[in-house]
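Novice: No sequence on hand, only this structure:
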């Protein structure tokens, strides 16, 4: 059996226990629009790509997480509850964060109709023969990753979309596993910037080099993170 095929089978064998959900934003779980399960989306044209199945439903508490433009936010992912692993370590891949401006985050529905801009991504870091994926860092950091909210985006309400793209099965079309979740946030102290936006679905293609990619053999010399460039502000 070819090495790539064997590794794909081994990765598939762990898939059942590897699923994950976005559960906390700065230790706050009440503002997360929770999906009905921890299963991935594998069709990049699905309307569920924005915030996952049922992720378009506002949380019953109608709360938002208040943050100041330019401040740091921390997203936290787990397979089950907070005591479980972030995601199976075999699920190598990038981590991304998007924002979509909305009039009211507590009532906004139909995330697939919103316009999104990317504020963070991390993919593959190569150091000699050592590969470090964003997921490796997430697992090592107990399911958490952090970055800043751009300092000059407009104040107001947003949906924040956190995403993991697991590439262990991405060597064939439709094999990439996309996990995403959305949180309701309110940004204060912002500016007047109006970043370029994309649609979700729409920003990814099943044939994108960051979606359709074999990560086992031959060894990667680079990796292209899907979607638009990061808006840094």
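Specialist: Thanks, I have it. Everything numeric in this text was worked out from a predicted model, so none of it was measured.
Novice: For the most centrally placed residue in the chain, give me its contacts.
Specialist: Per CA atoms, centre = their mean, the C-alpha nearest to the average position across the chain is that of residue 163, at 0.7 Å. For residue 163, the residues meeting the contact criterion (CB atoms under 8 Å, 6 or more residues apart in numbering) are 95, 96, 97, 98, 178, 179, 180. To be clear about C-beta, it is placed using only N, CA and C from the backbone, and glycine gets the same treatment.
Novice: Now which of those would you call buried?
Specialist: Neighbour-count burial (16 or more other CB atoms under 10 Å) is assigned, among those, to 95, 96, 97, 98, 178, 179, 180.
Novice: In terms of helices and strands, where is the residue nearest to the third one when sequence neighbours are not counted?
Specialist: It refers to residue 97. Residue nearest to residue 97 in three dimensions, not counting chain neighbours: residue 120, with 4.2 Å by CB to CB, 6 or more residues apart in numbering. Element membership of residue 120 [criterion: DSSP states H and E] is strand 115-122.
Novice: elements contacting the very next helix or strand once past that strand?
Specialist: Once strand 115-122 ends, the next helix or strand along the chain (criterion: DSSP H and E) is strand 124-127. Judged by 3 or more CB pairs under 8 Å, 6 or more residues apart in numbering; DSSP states H and E, strand 124-127 is in contact with strand 130-133.
Novice: partners of the strand it packs on, with directions?
Specialist: Here strand 130-133 has these sheet partners by DSSP bridges: strand 124-127 (antiparallel).
Novice: what does the strand it pairs with rub up against?
Specialist: By CB under 8 Å, 6+ apart, the surrounding residues in contact with strand 124-127 are 94, 131, 132, 133, 134, 220, 221, 222, 223.
Novice: Can you point out the buried residues in it?
Specialist: In terms of neighbour count (16+ other CB under 10 Å), strand 124-127 has its buried residues at residue 124.
Novice: Return the distance of it from the chain's centre.
Specialist: Offset of strand 124-127 from its chain centre (CA atoms, centre = their mean, to the nearest Å): 19 Å.
Novice: what do you get for stretch 158-175?
Specialist: 7 Å.
Novice: That stretch: end-to-end distance?
Specialist: 30 Å (CA to CA, to the nearest Å).
Novice: buried ones in that stretch?
Specialist: By 16+ other CB under 10 Å, the buried positions in stretch 158-175 come out as 158-171, 175.
Novice: Pull the most distant pair out of those residues.
Specialist: 158 and 171 (35.0 Å; CB to CB).
Novice: what comes up buried for stretch 61-81?
Specialist: Buried residues in stretch 61-81, counted by 16+ other CB under 10 Å: 63, 64, 65, 67, 69, 70, 73, 75, 76, 77, 78, 79.
Novice: Point out where the chain drops to low pLDDT.
Specialist: Low-confidence segments of the chain, defined by pLDDT under 70, are located at 1-18.
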